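Peer 1: the following block contains a protein sequence and its predicted model.
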Amino acid sequence: MAGQQVWLTNSLGGYMWSPNLSKVLRNVVQPTVKFRQFADIKDAAVQGKGKGDTFHWNVFSDVTTRGTTLTETNVMPKTNFTITQGTMTITEYGNSVDYTGKLDDLSEQPVKEIINKVLKNDAKKAFDIAAFNQFNSCALRVVPATSGTATDAITLTTNGTATGTNNIAMGSGHVKAIVDMMKERNIPPYMGDDYVSVSHPSTFRTFKNDLEAIHKYVDSGFQMILNGEMGRYENTRFVEQTNIPKGGAADSTTFAPQTDTSDAWNNAKSSWAFFFGQDTVAEGMAVPEEMRGKIPSDFGRDRGIAWYYIGGFGIIHPVNSGDNSKNSRIVKWDSAS
């Protein structure tokens with residue numbers, strides 16, 4: 001029964017049996033999902049079971065030649081457009097906790113309820129990391145201009161790799177430059193006329209200090225709609241998150257969200273931030289996440305609970321060197337080191 005939650009006083013079971021514990025459950029504070037909420041799952045509804053392990057979607061280009069005025073005696077001009085296909089792999093996700101029948105029968109704490117809550121938090125983190133990994137594969141990267149020190153100008157790369165070192169905290173001037181660039185690239189807004197930006201509270205700190213009125217949405221004041229949303233500025237809604245660690249510059253070899261391993265940028269003056277519109281990351285879902293109970297064995301003494309999901313995430317507009325990634329919808333505030 002190695003690895004089970006048990007009645008015995010050990011590292012896996014000791015905290016549940018003690019009669020001296022407070023009856024109030026004190027769970028570790030869990031961050032709410034931030035990246036998954038922006039994944040587009042509408043097209044996944046028809047995927048479902050029995051459709052294979054690869055999810056496909058079509059991406060349509062603009063027309064090759066734009067329409068213009070016509071001359072009465074000339075024939076109608078003809079043009080065309082290209083269709084490319086994006087794909088993602090559908091795979092299994094899950095995790096489980098075993099526990100003994102004795103623990104369930106004798107514990108003063110609601111064993112199944114606790115395990116359910118712990119596993120649900122684990123599932124939320126797993127999905128958010130999977131979505132983040134796709135956002136993090138975006139083509140468009142920006143760093144401050146002037147050797148990474150400019151306060152109101154940025155340098156853009158379109159091949160998925162930042163080429164300059166970021167040497168300054170992100171401020172309102174950078175936000176203006178990024179949003180202007182997104183509008184000029186015709187990136188469609190996420191909702192209404194607004195884009196979205198996601199990062200850590202400390203990454204936004206200098207920017208927030210610049211703008212005392214960042215929370216003013218409407219006459220009534222605060223109206224938070226997105227998970228983690230903390231304000232709106234320059235037609236961009238800012239969302240704070242704490243699930244994904246900081247750092248992970250272009251030269252990083254240790255940054256690993258799956259193990260909560262951060263790798264700060266060389267000067268640690270800032271960290272990553274994403275700015276994006278709609279049509280960014282797709283989620284293909286064959287079996288939605290669900291909690292499953294293990295069929296008891298050993299005459300009911302060996303029990304368990306798991307979360308399970310079959311699906312996947314994929315960036316809709318990946319790097320395209322042929323057209324400078326002109327259809328890309330995600331911009332990453334980044335650093336080369």
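Peer 2: Noted; the coordinates are in hand.

Peer 1: once you drop chain neighbours, what's closest to Thr151?
Peer 2: Gly173 (4.7 Å; Cβ to Cβ, 6 or more residues apart in numbering). Every C-beta, even on glycine, is put in place using the N, C-alpha and C of the backbone.

Peer 1: what residues of the strand or helix carrying the one you found count as buried?
Peer 2: With elements taken from DSSP states H and E, the one containing Gly173 is helix 172-184. Across helix 172-184, burial judged by 16 or more other Cβ atoms under 10 Å covers 172-179, 181-182.

Peer 1: how about TSV for these, with distance to Ala139 and pLDDT added?
Peer 2: Converted to TSV, those look like this (distance: Cβ to Cβ, whole Å; pLDDT from 0 to 100):
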residue	distance to Ala139	pLDDT
Ser172	25	93
Gly173	24	95
His174	19	96
Val175	20	96
Lys176	22	96
Ala177	18	97
Ile178	15	98
Val179	18	98
Met181	13	97
Met182	13	97
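
Peer 1: between those residues, which is closest to Ala249?
Peer 2: Of all the buried residues of helix 172-184, Ala249 sits closest to His174, with 16.8 Å by Cβ to Cβ.

Peer 1: now do the contacts for that closest one.
Peer 2: His174 makes contact with 144, 151-152, 154, 207, 333, according to Cβ atoms under 8 Å, 6 or more residues apart in numbering.

Peer 1: and the least confident of these?
Peer 2: By pLDDT, Phe207 ranks lowest within the contacts of His174, coming in at 89.

Peer 1: tally of neighbours for that residue?
Peer 2: By other Cβ atoms under 10 Å, 23 other residues sit near Phe207.

Peer 1: tell me the SS of it?
Peer 2: helix (DSSP: H, G, I helix; E, B strand; the rest coil).

Peer 1: right, and it touches Lys176 too?
Peer 2: No. Phe207 is beyond contact range of Lys176, at 10.6 Å (criterion: Cβ atoms under 8 Å).

Peer 1: picking up where we left off before, which residues does the residue nearest to Thr151 contact?
Peer 2: Counting by Cβ under 8 Å, 6+ apart, Gly173 has contacts 150-153.

Peer 1: over to Ile83?
Peer 2: Taking Cβ under 8 Å, 6+ apart, we find Ile83 in contact with 58-61.

Peer 1: so which of those belong to strands?
Peer 2: 58-60 (DSSP state E).
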